[in-house]
Each structure stands twice: as structure tokens, then as C-alpha cells.
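Asks: Predicted model, plus sequence, below.
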Amino acid sequence: MEFKKQFRGYNKHMVNEYVKKNDEIIQLKDSEIETLKQAKEALVKQNELLLHRVNITEKTNEEIARLALKEASDLIEKAKRNANMILKESLDYVRTLNSEVEGYKDQAIAFRANVEKMSKDLLDTIDQSEIFYLIKESENQSSEE
């Protein structure tokens, strides 16, 4: 804006008008600056909250991973214990079966010995019987004739 000089200086009304507009512009700029400062503060706070959330999320993920590894490790240990228990039970069962088989072997050997003894006793009884004695005597006489 250009001011025209008059007889007694510049036009007061024009200068006042210019100053008034200039004040309004300064107030608008100050208002804009204040609004931008508030927006910046809000963004800084929002950024801090987001960083905090990211940190919490990272810590939570680390904790979840740690717990998952611990649970997996516990499950592996439990599986190992169960496998060892099953193996021990299987070995005990095989040992029991083996001792039963050994018992059956001993029974079979004893049974054979009993049958053998009973057969021998029976043959001895037959050999010592009167009928067999007579049969032998009759055969001896026949062979002598």
C-alpha cells in the first residue's frame, strides 16, 4: 500500500487502516503459529505413544517367544520322560517274558526227565514181572533145543 502525502503529512485514516490490517495479519500468523505448535505437540505426543506401543509390542513378542520356547522345551522333556518310561516298561516286559520262557524250558526238561524215569521204571517193572520172566524162560528153552 502506498501512502499519499498530504499537506500535514500522511493520511491518518490510511495509515490507521494499514496498521489495523497489519495487526490482523500478525494476529492471524500468531494464531496459525499457535495452531501449528499445538499440532506439533499433538504429533510429538502421538509419536511417543506409538513408540511406547512398539516397545510394549516388542517386549510382548519377546515374552511370547520365550514362553513358547519354554513350553516347547517342557514338552520335549515330557516326551523324553514318556519315551524312557515306555522303553523301561518294554524292557521289563521282555525280561518277564524271557524268565517265563526259561521257566517253560526248565519245566520241559523236568517233564522229559520224569517221562524218561517213568519209562525206565515201567520197563523195569515189565522186565521183573512174572509173565515176562516166563516169556524169557520159554525163549531160552526154545533156543536151546
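Replies: Good, I have the coordinates.
Asks: for this protein, what spans make up the helices?
Replies: Assigned helices in the chain, in chain order: 12-128, 130-144 (criterion: DSSP state H).
Asks: ok, of these, where does mean pLDDT dip lowest?
Replies: Ranked by mean pLDDT, those bottom out at helix 130-144, with a mean of 78.
Asks: what angle separates it from helix 12-128?
Replies: If you take axes from the mean of the first three to the mean of the last three C-alpha atoms, to 10 degrees, helix 130-144 sits at 60 degrees to helix 12-128.
Asks: Give me the buried positions along helix 130-144.
Replies: Within helix 130-144, no residue is scored as buried using 16 or more other C-beta atoms under 10 Å. (Each C-beta comes from the backbone N, C-alpha and C, glycine too.)
Asks: contacting residues around it?
Replies: With contacts defined as C-beta atoms under 8 Å, 6 or more residues apart in numbering, helix 130-144 is touched by residue 126.
Asks: how far out from the middle of the chain is that helix?
Replies: 90 Å (C-alpha atoms, centre = their mean, to the nearest Å).
Asks: ditto for stretch 32-49
Replies: That offset, for stretch 32-49, works out to 48 Å (C-alpha atoms, centre = their mean).
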